[in-house]
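**Q** Attaching a predicted model along with its sequence, questions to come.
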Amino acid sequence: MATVKKYNLAGLNANVELGKQGSYITGGANEIGFYANGGALQKLKIANATVASEAVTKAQLDDVAADLLQHVTVDVDYDSGSANIATVGSGTRVISVTVDVPIAWTAPNNTATYIEVGDSDNQSRYIRAQDIDVLKAAQYHSQYQYEYGSEGTLTYDITQGSASGGSATLSIVLASDSVSVTDYGSINNAQNSNSDLGNIS
């Protein structure tokens, strides 16, 4: 005579054997394990969630994470020269670029000393030579946005000129995919540059 096990009864042991093949489930204080015959731990596979009460898969989580904003920073010195900052993929949008000059640089008369931030196609796309006065400690910000149609490389270019000391931190906020940005302000007279605002698009 066959015996029917009622697993919904109180007092069930932590290990539950599933059929004659020996597969079983274990329960602990912090986890549940699914094991095949022979004691090999198995991965629990689930479908993509379609409602709020269902668990999401790794693929869904990766897809969401790809749209999140990222923050890239790099420290530079007065004699750092030119270098690549990061490689960005197609669809990446640069949201903003900030250059923080914590202490005024040592650059008598500021003869041809400047910082530029851009990419391999345009080395001053975000911060141009005239946007920053390295003799003044300040944060210089560009709100110029650009979305890459193909893979690109973000770069910086430090021209030493007469500088003999100084440092800065470059900060770039970007999204790995297109994002909607709400414009809460406006500029009455459109122009290409402004000594107070920097790059304007």
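**A** Sure thing, it's come through.
**Q** use CA for all of it now, contacts and neighbours both
**A** OK.
**Q** list the contacts for Ser176?
**A** If you count contacts by Cα atoms under 8 Å, 6 or more residues apart in numbering, Ser176 has them with Ala66, Asp67, Leu68, Leu69, Gln70, Val88, Gly89, Gly91, Thr92, Arg93.
**Q** The fourth one against Ile172, yeah?
**A** No - using Cα atoms under 8 Å, Leu69 and Ile172 do not qualify as a contacting pair, with a distance of 10.2 Å.
**Q** So if I had to pick from those two, which one is more boxed in?
**A** More crowded of Leu69 and Ile172, by other Cα atoms under 10 Å: Ile172, with 22 against 16.
**Q** Can you tell me the element the residue nearest to the more buried one when sequence neighbours are not counted falls in?
**A** Of all residues not flanking Ile172 in the chain, Val97 sits nearest, at 4.6 Å (Cα to Cα, 6 or more residues apart in numbering). Secondary-structure element containing Val97, defined by DSSP states H and E: strand 93-101.
**Q** who does that strand pair up with?
**A** Sheet partners assigned to strand 93-101 using DSSP bridges are listed as strand 138-142 (antiparallel), strand 146-147 (antiparallel), strand 167-175 (antiparallel).
**Q** Identify all contacting residues around the shortest one.
**A** I take that to be strand 146-147. By Cα under 8 Å, 6+ apart, strand 146-147 touches Gly91, Thr92, Arg93, Val94, Ile95, Ser178.
**Q** average pLDDT across it?
**A** The average pLDDT within strand 146-147 is 92.
**Q** With stretch 106-124 instead?
**A** Per-residue scores along stretch 106-124 average to 91.
**Q** which two from the contacts of strand 146-147 end up farthest apart in space?
**A** Farthest pair in the contacts of strand 146-147 (Cα to Cα) is Gly91 and Ile95. Separation: 12.4 Å.
**Q** Between those two, point out the one with more neighbours.
**A** The residue with more neighbours, out of Gly91 and Ile95, is Ile95; 20 against 17, by other Cα under 10 Å.
**Q** So the more buried one sits against Ser142, correct?
**A** No - the pair Ile95 / Ser142 is not scored as a contact, 9.1 Å apart, by Cα under 8 Å.
**Q** circling back: which of the contacts of Ser176 sits closest to Leu135?
**A** Gln70 (29.8 Å).
**Q** How about that closest one: what's its closest non-neighbour residue?
**A** Leaving out its chain neighbours, the residue that sits closest to Gln70 by Cα to Cα, 6+ apart is Leu174, at 5.3 Å.
**Q** any idea of the pLDDT on Val16?
**A** 55.
**Q** ditto for the one 4 residues further on
**A** For Lys20, the model assigns a pLDDT of 54.
**Q** Could you pull out the strands in the chain for me?
**A** Assigned by DSSP state E, the chain shows strands spanning 16-18, 23-27, 32-35, 69-77, 82-88, 93-101, 114-119, 138-142, 146-147, 152-159, 167-175, 193-194, 198-199.
**Q** between those, which one is nearest to Thr50?
**A** Shortest distance between Thr50 and the strands of the chain, using Cα to Cα, is found for strand 32-35: 23.5 Å.
**Q** Which strands and helices lie in contact with that closest one?
**A** The contact analysis (3 or more Cα pairs under 8 Å, 6 or more residues apart in numbering; DSSP states H and E) places strand 32-35 against strand 23-27.
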